[in-house]
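Visitor: After the sequence you'll find the predicted model.
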Amino acid sequence: MNFELTLPAMTCGHCVKTVTTAVQKLDAQASVSADLATHRVRVETTAATQGDDPGSVRHDRRSLTESVRSEKLGEGAQELDGGHRI
């Protein structure tokens with residue numbers, strides 16, 4: 001699964017690290033790339049569930065986005081679909 005977010009408050013390398021950490025709390029294998037000039041973040045993940053036990057938590061676009069929004073700089077986060085906000 002790949003998706004993009006726009007984060008108007010993302011302005012520095014520390015912000016990128018904060019976003020990366022927020023995503024990787026839920027999916028340690030996720031790849032996060034950021035473009036500070038456009039305030040966009042691209043998340044690439046293959047994890048639908050974490051762990052092998054039946055009680056595993058499902059991580060989808062929504063839960064990963066909410067993890068980013070839970071950070072102060074993520075308050076204005078908007079999901080993008082083909083470059084358009086959704």
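Guide: Nice, I can see it.
Visitor: which residues make contact with the longest helix along the chain from outside it?
Guide: Taking DSSP state H as the assignment, the helix of the chain that covers the most residues is helix 13-26. With contact meaning Cβ atoms under 8 Å, 6 or more residues apart in numbering, helix 13-26 is reached by 7, 9-10, 30, 32, 34, 36, 41, 43, 45, 50, 57, 59, 63-64, 67-68, 70-71, 73-74. Bear in mind the C-beta positions are built from the backbone N, C-alpha and C, glycine included.
Visitor: can you state the direction angle for the helix or strand following that helix and helix 13-26?
Guide: Per DSSP states H and E, the first helix or strand lying C-terminal to helix 13-26 is strand 31-35. Strand 31-35 runs at 160 degrees relative to helix 13-26, counting by axes from the mean of the first three to the mean of the last three Cα atoms, to 10 degrees.
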